[in-house]
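[1] What follows is a predicted protein model with its sequence.
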Amino acid sequence: MTDLETPRLLLHPMTPADARHVVAGAPEDGARWAPGYPSPGEQGAAGRFLTTCADTGDPSPFGPYEIRLRADGVVIGGIGFHGAPDERGSVTIGYGLVESVRGKGYASEALRALLRFAREQGVARVRGDADTGNAPSQRVMTAAGMRLVSEDASLKYFLVEWAA
């Protein structure tokens with residue numbers, strides 16, 4: 001599968017080899033990671049991806065993606081699907097960026113690209129959530145076209161859906 005491109009970013013589909021490096025916290029030769037990458041969340045997502053690959057096969061294109069700067073290829077975070085669409089055509093997404101690049105619109109840009117891609121793949125709805133105290137992540141989902149649909153004591157839940 002090829003990279004998803006935005007004006008400033010490349011969303012690079014993670015391979016099992018990429019995921020093993022992320023889990024180990026050690027870039028492969030030639031890879032360029034921003035300081036702080038991978039976060040524990042990225043390592044967890046990469047580990048879940050490897051488990052899925054071992055259990056049921058590579059879920060691509062509904063797996064994780066590295067977020068890379070187009071200008072220099074540096075990995076600044078990750079975004080991706082938590083799995084293939086369910087029987088209702090729903091997927092769940094997650095994302096994260098290294099601290100040094102937050103506040104520059106990269107997360108919204110990456111999420112818009114992933115949502116556009118999901119729609120092109122026939123996905124009917126995309127869900128996401130953010131901690132109640134994580135206003136920046138809530139703004140990212142809203143900026144990308146998702147709407148707040150519910151909340152509980154710890155999380156706010158967002159959704160975008162398209163007519164068939």
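    Yes, it's here.
[2] what pLDDT does Ala164 get?
    The model reports Ala164 with a pLDDT of 64.
[3] packing partners for the longest helix along the chain?
    When the chain is parsed with DSSP state H, its longest helix is helix 40-56. Helices and strands touching helix 40-56, as assessed by 3 or more Cβ pairs under 8 Å, 6 or more residues apart in numbering; DSSP states H and E, comprise helix 16-24, strand 64-69, strand 75-81, strand 90-97. Every C-beta, even on glycine, is put in place using the N, C-alpha and C of the backbone.
[4] 6 Å - rerun?
    The contact analysis (3 or more Cβ pairs under 6 Å, 6 or more residues apart in numbering; DSSP states H and E) places helix 40-56 against helix 16-24.
[5] Mind listing what's buried along the helix it packs on?
    Across helix 16-24, burial judged by 16 or more other Cβ atoms under 10 Å covers 18-19, 21-23.
[6] would CSV of these with distance to Val101 and pLDDT be doable?
    As requested, the buried residues of helix 16-24 are exported to CSV (distance: Cβ to Cβ, whole Å; pLDDT from 0 to 100):
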residue, distance to Val101, pLDDT
Asp18, 19, 95
Ala19, 22, 96
His21, 20, 97
Val22, 17, 96
Val23, 22, 96
